[in-house]
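Engineer: pasted the sequence and its predicted model underneath.
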Amino acid sequence: MQEAIESLVIPRRVAEYFDYYRPLPEPSTITSTSPYSRLKDIFSAVSCICIVGYSFGAWGGRLDDTESFELLTDLLRWEPKPVLVVNPAPHCLVALLEAAIKRKTVYALCCKWNILARFIMSGCFLRAWQMSPGSTEFITRAYLSFEDNKSGESEVTGGAHAHRACLR
């Protein structure tokens with residue numbers, strides 16, 4: 001087993017053979033770029049924040065994208081808003097954000113973004129919402145049913161089976 005795991009580790013010299021570059025921490029000037037300026041400009045008009053499949057470059061107990069994290073947490077401290085973290089394992093990021101903003105307004109949705117996207121694009125989310133006037137429990141059950149049903153594959157093709165899977 002250990003041998004198999006070691007074979008998955010990318011050796012440092014791999015860049016000599018392929019156009020591969022390891023991720024690097026973001027530059028300290030990144031928050032002065034256009035997308036970040038836009039975020040600062042519109043932040044007061046935003047009602048909530050949803051972070052989908054992003055962990056601020058978290059690995060090995062640290063963040064690579066500290067500038068982005070600091071900007072977002074500064075904005076959230078100045079203008080508090082609820083935050084939803086959508087990720088297969090969101091709890092570490094939720095705890096990190098809550099500690100940084102000193103509020104318990106960060107929520108976790110344990111799911112894979114590609115399946116969630118299919119759930120939304122197939123119309124299942126809309127049907128669940130319409131049937132449940134905002135019941136998070138009902139919508140969660142509909143999503144879990146969708147996820148269990150071969151990761152939503154049949155919903156993409158349509159049909160009565162797909163409709164039943166959306167509304168179980």
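Structural biologist: Ah, there it is. Residues are numbered from 1 along each chain as shown.
Engineer: contacts and neighbour counts: CA atoms only from here.
Structural biologist: Will do.
Engineer: ok, Thr105 to Ile139 distance?
Structural biologist: 20 Å (Cα to Cα, to the nearest Å).
Engineer: which of these two has more residues huddled nearby?
Structural biologist: Using other Cα atoms under 10 Å as the criterion, Thr105 and Ile139 rank with Ile139 on top: 23 against 14.
Engineer: isn't the more buried one up against Leu126?
Structural biologist: No. Using Cα atoms under 8 Å, Ile139 is not in contact with Leu126; the gap is 9.3 Å.
Engineer: for Lys102, give its distance to Cys124.
Structural biologist: On the measure of Cα to Cα, Lys102 and Cys124 end up 35 Å apart.
Engineer: so for the two, which sits in the more crowded spot?
Structural biologist: Shown here are Lys102 and Cys124; by other Cα under 10 Å, Cys124 has more neighbours (25 against 12).
Engineer: run through who's touching stretch 81-98.
Structural biologist: Contacts of stretch 81-98 with the rest of the structure, by Cα atoms under 8 Å, 6 or more residues apart in numbering, involve 47-55, 73, 104-113.
Engineer: for the residue positioned nearest the centre of the chain, which non-adjacent residue is closest in space?
Structural biologist: For the chain, the residue nearest the mean C-alpha position is Val52 (2.1 Å; Cα atoms, centre = their mean). Leaving aside its sequence neighbours, Val52 sits nearest to Val86 (Cα to Cα, 6 or more residues apart in numbering; 4.7 Å).
Engineer: in the host helix or strand of Thr140, what's buried?
Structural biologist: Following DSSP states H and E, one finds Thr140 within helix 136-148. Neighbour-count burial for helix 136-148 flags Phe138, Ile139, Ala142, Tyr143, Leu144, Ser145, Phe146, Glu147 (criterion: 16 or more other Cα atoms under 10 Å).
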